[in-house]
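Peer 1: coords below, sequence missing:
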């Protein structure tokens, strides 16, 4: 089975294989990247495990290449421009000639590569065979051509490959055609966005909670107590579901790491003001909402009404600003 996969992918990745222009090509079968250990231009060791949790775009080249690299490297520069500032997407260029990290450092500087977003990897030791790593771990073409003239010593893949957060190759484009950049970036962003379905679900829960609170308020104004009670208990349940989803996402999915807000200018202080007030009031509303519900179910109307007058507007604010925070953080200024 491994041999079959290798044959299929080598056929797709061979320099002469035709790739459709301006299209993202899905692999016949998504494949797990094999283990590897390489050295980044700054001297740090990078392994497959170090890239887990990131969506990355793999690129294969060598600094003295006069063939397809003269087109794929400029394409990677365009990709870098398209994903600049998006921390969930990383570019990974692998030097096939096992070059000195200092040489890669200069090469990266010449191509204005952001070290935080565009990695240049090479052999971690002189004994490492980068070509074998590319063939065995990435299932890509990388073979020496001993009779070639300078600059054409290695026949290698011209594909730019999207790898998901679990290290699975999801597809590729022809890196020699800059027209493929929009399709490549769009697919990489779709893969990166798969992680964020829970925040979208939580925003829906906040929206539902807002609607139920308003409906419950209208119901009690019209003396429809049964409808009021049902709406408020459902609002309490949706808020509890939101809290469970929020905690799961931030501690189980993100491992306790915050999602960085990427907005700049006036929107930045506005966002953090909304976030701060949302967080503080959410901490206050949780016990107040439980207290108000308890007093209402016990038919202690004076206490229920007295506290509910303060709790309802705060609860509404928390629900509405929860949606606003989601839109700003994941839609207007997404990390992917």
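Peer 2: Done, it's in. Predicted model only: the values in this text are computed from it and were never measured.
Peer 1: tell me which element residue 173 falls in.
Peer 2: strand 168-174 (DSSP states H and E).
Peer 1: what's in contact with that strand?
Peer 2: 12-13, 19-21, 23-27, 30-33, 58, 138-139, 158-164, 180, 183-184, 187, 191 (Cβ atoms under 8 Å, 6 or more residues apart in numbering). Every residue, glycine included, has its C-beta placed from N, CA and C.
Peer 1: one more time with 6 Å
Peer 2: The contact list for strand 168-174, computed with Cβ atoms under 6 Å, 6 or more residues apart in numbering, reads 19, 24-27, 30-32, 159-164, 180, 184, 191.
Peer 1: do the same with stretch 313-320
Peer 2: For stretch 313-320, the surrounding residues in contact (Cβ under 6 Å, 6+ apart) are 206, 209, 210, 213, 278, 281, 282, 285.
Peer 1: before we move on, what about stretch 244-263?
Peer 2: The contact list for stretch 244-263 (Cβ under 6 Å, 6+ apart) reads 85, 198, 202, 271, 329, 333, 335.
Peer 1: need the contact list for the third one.
Peer 2: Residues counted as contacts of residue 202 (Cβ under 6 Å, 6+ apart) are 242, 245, 246.
Peer 1: Next, the buried residues of the helix or strand where the second one lies.
Peer 2: Applying DSSP H and E as the criterion places residue 245 in helix 225-248. Buried residues in helix 225-248, counting neighbours by 16 or more other Cβ atoms under 10 Å, are found at 228, 229, 231, 232, 234, 235, 236, 238, 239, 242, 246.
Peer 1: Would you convert those residues into TSV that also reports distance to residue 169?
Peer 2: Below are the buried residues of helix 225-248 laid out as TSV (distance: Cβ to Cβ, whole Å):
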residue	distance to residue 169
228	54
229	54
231	49
232	50
234	44
235	45
236	45
238	39
239	41
242	35
246	32
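Peer 1: can you tell me which of those lies nearest to residue 149?
Peer 2: If you rank the buried residues of helix 225-248 by distance to residue 149 using Cβ to Cβ, residue 246 comes first, at 59.9 Å.
Peer 1: pLDDT score assigned to the closest one?
Peer 2: Residue 246 carries a pLDDT value of 92.
Peer 1: Next, find the distance separating it from residue 57.
Peer 2: Applying Cβ to Cβ, to the nearest Å, the value for residue 246 to residue 57 is 31 Å.
Peer 1: most distant residue from the middle of the protein?
Peer 2: Of all residues in the chain, the one whose C-alpha sits farthest from the chain's mean C-alpha position, using Cα atoms, centre = their mean, is residue 302 at 49.7 Å.
Peer 1: Next, the angle from the helix or strand hosting that one to helix 225-248.
Peer 2: In the assignment (DSSP H and E), residue 302 maps to helix 301-326. Angle, helix 301-326 to helix 225-248, by axes from the mean of the first three to the mean of the last three Cα atoms, to 10 degrees: 40 degrees.
Peer 1: what is the rounded mean pLDDT of helix 301-326?
Peer 2: Helix 301-326 carries an average pLDDT of 95.
Peer 1: how about that helix: buried residues?
Peer 2: So helix 301-326, judged by 16+ other Cβ under 10 Å, has buried residues 304, 307-308, 311-312, 314-326.
Peer 1: just to revisit the earlier point, if you count contacts, what does whatever helix or strand comes next after the strand holding residue 173 end up packed against?
Peer 2: Per DSSP H and E, the first helix or strand lying C-terminal to strand 168-174 is helix 181-193. For helix 181-193, the packing partners by 3 or more Cβ pairs under 6 Å, 6 or more residues apart in numbering; DSSP states H and E come out as strand 55-61, helix 69-83, strand 159-163.
Peer 1: what residue lies at the spatial centre of the chain?
Peer 2: residue 192 (3.3 Å).
Peer 1: Which residue is the nearest non-sequential neighbour of that one?
Peer 2: residue 336 (3.3 Å; Cβ to Cβ, 6 or more residues apart in numbering).
Peer 1: Please give me every residue in contact with the one you found.
Peer 2: 86, 88, 189, 192, 193.
Peer 1: what sits against the third one?
Peer 2: Under the criterion of Cβ under 6 Å, 6+ apart, the neighbours of residue 189 are residue 336.
Peer 1: Ok, the last one next?
Peer 2: Going by Cβ under 6 Å, 6+ apart, residue 193 touches residue 336.
Peer 1: What of the second one?
Peer 2: For residue 88, the residues meeting the contact criterion (Cβ under 6 Å, 6+ apart) are 55, 192, 335, 336.
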